[in-house]
Each structure stands twice: as structure tokens, then as C-alpha cells.
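Participant: Sequence and computational prediction follow.
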Amino acid sequence: MGTLLTARFGEERGVGLATSLAGTGLRPDQLADPALEVTAEQELAVSANLARALGNPPGLGIEVGTRFRLTSYGMWGFALISSPTLRSALDVGLRFMDLTFALCEIEARQVGSEVYLVLSCDDLAPELRRFAVEREAAGIQTIQRDIFATPRALNRVSFAFPPPRQALKLYRDVFGVAPEFDADQNALVFDAGLLDVPLPQANELTTAQALEHCRESLERRKARGGLSGQVRDVLVAHLSDPPNAAQVADQLHMSARTLRHRLAQEGTSFRVLLDEVRERFAEEFLSHGLRVTEIASRLGYEEVSSFSQAFRRWKGIGPRAYRAATGVL
């Protein structure tokens with residue numbers, strides 16, 4: 001969870017959570033929720049708040065990016081680390097990049113005997129671009145080390161921004177080479193021969209399960225467009241005390257009648273969306289080992305029995321039976 005890692009880094013540097021989360025609509029207590037979904041806008045806002053609070057010195061993004069271990073990325077990380085080769089891991093990583101907290105666009109290009117991972121973030125505000133590139137480059141280098149279990153040397157690293165007066169040692173320590181600055185592009189370059197080296201933690205079953213989870217997660221994110229997506233976002237933000245249709249309509253600056261009409265045009269309804277959100281998070285909470293009573297409370301049910309009845313309606317079996325059938329601890 002990039003937002004949590006960034007906010008925690010800020011706390012270590014004396015930046016309070018209120019400052020890091022300003023303008024995001026996120027509450028500090030939500031950061032500990034394993035099922036919290038953060039939008040790209042919220043992730044960007046937290047990064048911008050941190051950079052602004054600390055004066056955005058060169059190397060700040062690198063320090064944050066090295067905190068992003070593969071285990072921080074959930075199923076996306078498991079899909080990468082269990083892939084048979086680096087080529088496969090790259091394919092998976094780029095195909096499901098929207099599931100990560102990347103601030104930049106990342107493209108892989110093979111040029112002769114070398115592979116270039118090119119980072120671009122032209123859509124970001126100019127004052128945040130260096131931080132974003134640093135963060136993604138350091139994150140990629142950290143992921144590479146996690147995948148191989150032992151560091152593999154980069155051939156070159158280039159950045160399109162000017163060289164910093166300080167922090168050069170930090171750059172060399174993280175990337176293993178002295179970067180080129182004022183370059184034409186931001187890129188990490190490595191030997192193409194690494195693409196087909198077997199990865200030490202390859203596991204076909206784990207990869208298949210992780211890829212299926214990634215596909216489902218990506219489909220859910222794509223479905224969050226339109227008014228339906230806005231309603232889902234409101235419901236997720238108030239999961240333990242879900243608002244009714246009229247309250248959601250008011251928050252979205254429309255009448256309850258307009259809300260019903262527009263949702264009907266999108267082929268859904270407020271009740272259906274509330275059920276979808278609760279069902280999805282019920283699965284997530286069960287997979288994280290939460291007790292059924294706690295899940296019921298987190299989903300806004302006053303009685304455990306009401307949650308159990310709803311779960312049977314969604315899955316055909318109760319939550320405890322579902323936990324046993326799916327092998328969730």
C-alpha cells in the first residue's frame with residue numbers, strides 16, 4: 001500500500017498524518033485497513049503533500065521508493081516473484097501496472113542486447129516529476145532485488161533532470177552505478193540476457209492464482225467508472241456506516257431521483273452497488289483472517305446473523321463454510 005508507506009516515511013521525518021493526508025479524503029485510521037482502495041489521485045496527493053512538507057530535496061523519492069518491497073504490492077507482487085523468468089515477470093508487471101501505486105508510465109524496450117525500462121510522467125506537475133521518477137526508479141530496483149534474491153547489476157541509469165548538488169552517494173548506493181543526468185530520458189538499462197534467467201521463487205500454481213486475482217481486481221477497477229464508480233467510492237469510504245441513497249445523492253450534489261435514474265441507465269441500482277461493495281470486502285476480509293463478527297461490524301451490519309444471511313445470498317453458503325471451502329486461514 002503505497003499511501004501507507006509514504007505516510008509512514010513522512011512520520012519518521014516529522015510530517016504528521018494530517019499533513020500527508022490533507023485534501024485526500026482519507027482518515028489516518030483507514031490506512032491500517034488491508035482492504036482500503038486508494039485512487040491514483042489520492043496517491044499523488046499524499047506524495048505531493050510529503051514532498052512539499054519536506055522541501056522536496058533531491059533523493060527524497062529514492063528514499064521513499066526503497067520502502068516499496070514486493071510484499072507491499074499484494075497479489076501483483078506475488079505474481080511477479082513467482083513468475084518463471086524475468087521476461088514473464090515484466091510482462092505481468094506491465095500488464096497489470098494499473099493495480100500498483102505507480103506515479104509514472106513505465107515502458108520496456110529491448111534495444112540490441114539491452115533492455116530499457118523507460119519512465120515518463122509528463123502529466124505530473126513539473127515540481128513533482130523528479131520525486132516521482134526517483135520513487136519509481138528506486139522501487140523498480142528494489143523489486144528487481146526481491147525477484148532475484150541477490151542484486152543484479154544495472155548497465156546504466158539515466159535521468160532527464162539536472163544532477164543534484166547532494167545525494168549523489170544515495171543514487172550510487174541504490175542503483176549500483178553513477179547515473180547520467182540531463183539525459184534524453186529516464187531509464188534503467190540492464191542486460192537482455194537476464195530476461196530468461198529462471199527466477200529462484202518460481203511457482204506455477206502461485207502464479208496462476210495471483211494472475212487470476214489480478215485480472216479480477218483490474219476488472220473491478222475498470223468498472224468503477226461513471227456514476228456507479230462514484231457511488232462505490234462513497235460507500236467504500238463509509239463502509240462501517242454506509243449512507244443511504246439519499247445521503248449519497250446529496251454528497252454527489254444531485255437529487256435521490258436523479259441518482260436512481262442515472263444508475264438505472266447504467267444498468268444497476270443503489271442496493272445492487274451496496275451489495276457488490278459488501279460482498280467484495282467480505283471476501284477480502286475473510287482472506288485476511290478477520291473474525292466473522294469483526295467483518296460484520298466493518299461492513300455496517302448491526303447483527304452477525306444479518307451479515308451471514310447476506311453472505312449466503314451472495315455465495316450460497318455461510319462465511320465460515322466459505323472460509324473452510326476456500327482454504328482461507
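Facilitator: Cool, got the structure.
Participant: Can you get me a residue count around Gly139?
Facilitator: When neighbours are defined as other Cβ atoms under 10 Å, Gly139 has 29 of them. Backbone N, C-alpha and C define where each C-beta goes, glycine included.
Participant: Sticking with it, tell me its helix or strand.
Facilitator: Assigned by DSSP states H and E, Gly139 belongs to helix 126-148.
Participant: ok, then the element right after that helix?
Facilitator: Toward the C-terminus from helix 126-148 - assigned by DSSP H and E - lies strand 156-158.
Participant: What lies in contact with that following strand?
Facilitator: Here strand 156-158 makes contact (Cβ atoms under 8 Å, 6 or more residues apart in numbering) with 137, 171, 175, 177, 179-181, 183-189.
Participant: Report the next helix or strand after that strand in sequence order.
Facilitator: Beyond strand 156-158 toward the C-terminal end (DSSP H and E), the next one is helix 168-175.
Participant: Flag every buried residue along that next one.
Facilitator: Buried residues in helix 168-175, counted by 16 or more other Cβ atoms under 10 Å: Leu170, Tyr171, Val174, Phe175.
Participant: Columns pLDDT and distance to Gln30 on top of these, output as CSV?
Facilitator: Rendered in CSV, the data for the buried residues of helix 168-175 read as follows (pLDDT from 0 to 100; distance: Cβ to Cβ, whole Å):
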residue, pLDDT, distance to Gln30
Leu170, 95, 32
Tyr171, 95, 34
Val174, 95, 30
Phe175, 95, 34
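Participant: Of those residues, which pair is most distant in space?
Facilitator: Within the buried residues of helix 168-175, two members stand farthest from each other by Cβ to Cβ: Leu170 and Phe175, at 9.5 Å.
Participant: all helices in the stretch 151-300 of the chain, in order from the N-terminus.
Facilitator: 168-175, 204-222, 226-237, 245-251, 256-265, 270-287, 292-298 (DSSP state H, counting those that start in this stretch).
Participant: In terms of secondary structure, what does the second one contact?
Facilitator: Applying 3 or more Cβ pairs under 8 Å, 6 or more residues apart in numbering; DSSP states H and E, one finds that helix 204-222 makes contact with helix 75-81, helix 86-95.
Participant: now that helix: how far from the chain's centre is it?
Facilitator: 14 Å (Cα atoms, centre = their mean, to the nearest Å).
Participant: State whether Thr19 is indeed within a helix.
Facilitator: Yes. Note on Thr19: a helix contains this position according to DSSP: H, G, I helix; E, B strand; the rest coil.
Participant: OK, contacts around it?
Facilitator: With contact taken as Cβ under 8 Å, 6+ apart, Thr19 is in contact with Gly10, Asn49, Ala53.
Participant: tell me the mean pLDDT over the helix or strand encompassing the second one?
Facilitator: Counting by DSSP H and E, the element that carries Asn49 is helix 40-53. Along helix 40-53, the predicted confidence averages to a pLDDT of 88.
Participant: Quick one: residues in contact with the helix or strand just after that helix.
Facilitator: Proceeding C-terminally, helix 40-53 gives way to helix 60-65 as the next helix or strand, assigned by DSSP H and E. By Cβ under 8 Å, 6+ apart, the residues outside helix 60-65 that reach it are 5-6, 9, 47, 50-51, 54, 130-139, 141-142, 167, 170-171, 174.
Participant: Now do the phi/psi pair for the closest residue to Ala167 other than its chain neighbours.
Facilitator: For Ala167, the nearest residue in space outside its immediate sequence neighbours is Gly59; the separation is 3.2 Å by Cβ to Cβ, 6 or more residues apart in numbering. Here is the backbone geometry of Gly59 (degrees, to the nearest 10): phi 90, psi -10.
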